[in-house]
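# Sequence below, structure please.
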Amino acid sequence: MTRQKRAVAALLADTEEFSSAQDLHARLKQSGEKVGLATIYSQLRSLADAGEIDSVRGDSGETLYRRCDLVSHHHHLVCRRCGHAVELDAPDVEIWARRVGGRYGFRHLDHVLEISGICDRCSEVSA
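Numbers count the residues shown, from 1 in each chain. Now for the predicted structure:
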């Protein structure tokens, strides 16, 4: 693993909220790391493909990344303002997906569920 890839992995390990590649790039630059944006995108793709990080689509359509604690299939509830995320183990969603897929003759199903809203902390600030 290169120095740049280690820097990206270390930053993700220390970051709790979902972040864009551009945001991660800016934070690495601020810390004095010399890592190109293309390297960051490449590393994020590699980590996501390996199942080591999760990605969600932000309100702007941009993909956001975060290292997650749950290694099994799970979903996220994400604050649209601050990026705070809660990992959700949602067995009811899994049952529903299998039932809907079976109804239409689909097998080997995969799905992504992203729920977004405004967390309590951000709601209090705007109140």
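
# Pairing partners for the residue nearest in space to the middle of the chain in the sheet, please.
The chain has residue 55 as the residue nearest its centroid, 3.0 Å off, counting by C-alpha atoms, centre = their mean. Here residue 55 sits in beta bridges with residue 65, going by DSSP bridges.

# which residues of the chain fall in helices?
3-13, 21-30, 37-49, 91-103, 120-126 (DSSP state H).

# if we can go back for a sec, what residues are up against the residue nearest to the centre of the chain?
18, 44, 48, 63, 64, 65, 66 (C-beta atoms under 8 Å, 6 or more residues apart in numbering). C-beta: built from backbone N, CA, C; applies to glycine.

# Please read off the pLDDT at the third one from the model.
pLDDT recorded at residue 48 is 83.

# Who's the closest spatial neighbour of it, skipping the chain neighbours?
Leaving out its chain neighbours, the residue that sits closest to residue 48 by C-beta to C-beta, 6 or more residues apart in numbering is residue 55, at 5.4 Å.

# go on, the first one?
Setting aside the residues directly before and after it, residue 18 is nearest to residue 64 in space (C-beta to C-beta, 6+ apart), at 3.7 Å.
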